[in-house]
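>>> would you be able to build a 3D model of this:
(chains A and B)
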Number of protein chains: 2
Amino acid sequence: MRHFIGIDIGGTNIAVGIVAEDGSLVKKLSVPTGADRGQQELIDDMIASVRAVLELAGMTLSDIASVGIGVPGAVTPDGTVIRAVNLGWRHVPLADIMSNALGLPVYLGNDADCAALGEVVAGSGSNCNSALMITLGTGIGGGFIVGGKIFTGCTGQGTEPGHFTFLYGGELCGCGRRGCFETYASATALIRQTRQAMEKNPDSKMWALVDNDLDKVNGKTPFDAAKLEDGTARAVIAQYIDYLGQGIASLVNSFRPELVIMGGGICNQGDYLMIPLNESIRKYCYAPDELTPPPAVRATLGNDAGIIGAGALQMSMEKS
Amino acid sequence: MRHFIGIDIGGTNIAVGIVAEDGSLVKKLSVPTGADRGQQELIDDMIASVRAVLELAGMTLSDIASVGIGVPGAVTPDGTVIRAVNLGWRHVPLADIMSNALGLPVYLGNDADCAALGEVVAGSGSNCNSALMITLGTGIGGGFIVGGKIFTGCTGQGTEPGHFTFLYGGELCGCGRRGCFETYASATALIRQTRQAMEKNPDSKMWALVDNDLDKVNGKTPFDAAKLEDGTARAVIAQYIDYLGQGIASLVNSFRPELVIMGGGICNQGDYLMIPLNESIRKYCYAPDELTPPPAVRATLGNDAGIIGAGALQMSMEKS
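Numbers count the residues shown, from 1 in each chain, chains lettered A, B, ... in the order given. Just a heads-up that it's a prediction; the model follows:
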């Protein structure tokens, strides 16, 4: 069985793992990213981490077929990081640098695309070849896997599922446009919607849950209060699920995935979120009686998805 | 050079042509669709039309590699029409029926997808392998070609570029949802927006252009009046181009095409539409300075796109 190195460059940590051909994670470690460091230091740490994880596993570079790296930014098919805002990188030939250092082929992918690939290889999408992953966080990220391969679009940069116009002329988005899907359905959006509802409803039970401090509101607050039968919280969640379901249905109409995989902390609400969300997606998909809407399920790999997906990059490219 | 039969089943006519391997249309004819006829009569007409067009060209069935059919509805990869609303068809094994009658392999595609393929094979997209086609008509149709092949999604039914939520809670769409892109940017939408602006502005020059009859408003009306420096018409067009550009940018963020091909009568406005539309798309694309937005160009094949694309179905499937 072949083995691969998967590297996930996150905002906080660089996670490095050995991924087996069956998608299992043999061994992993992580080191702080230190994104404010120079590029060379960060790359040196990645190289040292590869050697370290091999040592932990009792393996050497000769046991490894290739290295895959999930980068928080846009990459080209030939292995250059076009731009990674949070790392301050522009036009870095990362695949060449790493390949020269390690003597192995190196493949790059966008980090969200790698996480989606990881879930399809070894997580909640492992029984299907094609899935759309949507991660609810500060924004909405995600990736689309079709036929076991990352859909990179024609220009190689993958899909931006959070940045279609969802409410023309609506809330300002971090991307500079107005009304993007992520401004209504990210975790940040849910928190904003919760605070707005609390301000209008001083009698909501949510106030007690956050010690009367709006700064303590998080994505769990409305769900906790809804379980206490707080009407304001229930209305917030119903509206949020309507936004989320309608936006996911929009993406389903575009991509026609077999499966929608949901990531992000909000999904820890489990069935309390997923059951009404599936109803909402079904309600809003195009021609749901003819073209069966795909189920939406929770991601299962957590942070390991990015490592496994990065490690699986070579295998995915070998698919026809 | 191989030759193929391409059939485009339209609402008014069934167009049948002989398509050469280089994408040229050797000979074509058309017969009325008569969608209210029985299924067998319509199929018999298609078979007779294939024989007739071959006779016109001095060719026989033995000169043809395969038959491709563009169907106004959802089809499966194995050649069944799942549903074609305007024909009243459900679960028709059309490829098998036609193949038995003609003794040739038969491939099915969605009609909008075939038109997009035709433009990439022999029209405005012939210098690139990958394009998103958007047709502005009663609704918004279209198709996405990637690597010279139709993107059918995982379930085989292609993309619905007119049915993502564009203005949450907005205008009712024919699909039953609210605020779909096509309710703001189709030709029908432009006509509705024009009428509404005329009702609010009794002094608009558009009234004279339509003999004071709102029923005579068409997609050309606001453009004709704008060229006469009518302020109301100019405002209608500016708003419409903003809708259209923002919606196309949303699709570009999803699909990352190399090229956007625009079809439909409104595109006959030429540069008057296309120059500001390209500016609008560029303004609204995600990270336009890093990820160069694709140009939007006019379709060049008109109705022949569907025939050529249907004829090219086998060739597209042969691509790796």
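>>> pLDDT weak spots in chain A?
Counting by pLDDT under 70, chain A contains low-confidence ranges at A:154-156.
>>> identify the single longest helix in it, thanks.
Using DSSP state H, we find that the single longest helix of chain A is helix A:231-255.
>>> tally of neighbours for A:F255?
Counted with other Cβ atoms under 10 Å in any protein chain shown, the burial measure for A:F255 works out to 25 neighbours. C-beta: built from backbone N, CA, C; applies to glycine.
>>> distance of it from A:F164?
To A:F164, A:F255 is 12 Å away according to Cβ to Cβ, to the nearest Å.
>>> cool, and A:I261?
Separation of A:I261 from A:F164 (Cβ to Cβ): 19 Å.
>>> equivalent analysis for A:L190, please.
Counting by Cβ to Cβ, the gap between A:L190 and A:F164 amounts to 19 Å.
>>> what of A:G70?
In this structure, A:G70 and A:F164 are 23 Å apart, going by Cβ to Cβ.
>>> repeat that for A:V31.
Summarising the geometry, the distance separating A:V31 from A:F164, computed by Cβ to Cβ, is 36 Å.
>>> who has more neighbours, those two?
Per other Cβ under 10 Å, whichever of A:V31 and A:F164 has more neighbours is A:F164, with 29 against 15.
>>> could you find the closest non-adjacent residue to the more buried one?
Of all residues beyond its chain neighbours, the one nearest A:F164 is B:S250 (3.5 Å), with distances taken as Cβ to Cβ, 6 or more residues apart in numbering or on different chains.
>>> try A:R256
Taking Cβ to Cβ, 6+ apart as the measure, A:R256 lies nearest to B:G153, with 2.4 Å between them; neighbours along the chain are not counted.
>>> and that neighbour, what does it touch?
B:G153 is in contact with A:146, A:255-257, B:159, counting by Cβ atoms under 8 Å, 6 or more residues apart in numbering or on different chains.
>>> what about it, which SS state?
Under DSSP: H, G, I helix; E, B strand; the rest coil, B:G153 falls in the coil class.
>>> ok, it to A:Q246 distance?
Here the distance between B:G153 and A:Q246 works out to 19 Å (Cβ to Cβ).
>>> just the element for A:V31, please.
For A:V31, the host element (DSSP states H and E) is strand A:25-32.
>>> can you count the residues close to the nearest residue to A:N303 once chain neighbours are set aside?
Leaving aside its chain neighbours, A:N303 sits nearest to A:A15 (6.6 Å; criterion: Cβ to Cβ, 6+ apart). A count of neighbours around A:A15, defined by other Cβ under 10 Å, yields 24.
>>> need phi/psi at A:A15.
As for A:A15, its main-chain torsions (degrees, to the nearest 10) stand at phi -100, psi 130.
>>> give the contact list for it.
The contact partners of A:A15, by Cβ under 8 Å, 6+ apart, come to A:7-8, A:28-30, A:303, A:306-307.
>>> A:A115 too?
The contact partners of A:A115, taken as Cβ under 8 Å, 6+ apart, are A:8, A:70, A:133, A:135, A:143, A:263, A:299, A:301, A:305-306, A:309.
>>> picking up where we left off before, only whichever of the contacts of B:G153 are buried, select them in PyMOL.
Here is the PyMOL command that selects the buried residues among the contacts of B:G153 (16 or more other Cβ atoms under 10 Å in any protein chain shown):
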select buried, (chain A and resi 146+255+256+257) or (chain B and resi 159)
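>>> does the closest residue in space to A:R298 that isn't next to it in sequence count as helix, strand or coil?
Leaving aside its sequence neighbours, A:R298 sits nearest to A:C267 (Cβ to Cβ, 6+ apart; 4.8 Å). The three-state assignment at A:C267 reads helix, by three-state DSSP.
>>> what about the residue of chain A positioned farthest from its centre, helix or strand, and which?
Within chain A, A:D203 marks the point farthest from the mean C-alpha position, 36.0 Å out by Cα atoms, centre = their mean. Under the criterion of DSSP H and E, A:D203 resides outside all helices and strands.
>>> for the residue in the stretch 201-320 of chain A positioned nearest to chain B, give its distance to B:I64.
Among the residues of the stretch 201-320 of chain A, A:R256 lies nearest to chain B; the distance is 2.4 Å by Cβ to the nearest Cβ. Taking Cβ to Cβ as the measure, A:R256 falls 31 Å from B:I64.
>>> picking that back up, from the contacts of A:A115, pick the one nearest A:A35.
Sorting the contacts of A:A115 by how near they are to A:A35, with Cβ to Cβ, puts A:D8 at the top with 13.7 Å.
>>> surely the closest one meets A:A112?
No. Shown here, A:D8 and A:A112 do not form a contact pair, counting by Cβ atoms under 8 Å, at 10.7 Å.
>>> quick one: the strands in the stretch 1-150 of chain A, in order.
Taking DSSP state E, counting those that start in this stretch as the test, the strands found in the stretch 1-150 of chain A are A:3-9, A:13-20, A:25-32, A:64-71, A:74-75, A:81-84, A:89-92, A:106-110, A:131-136, A:140-146, A:149-150.
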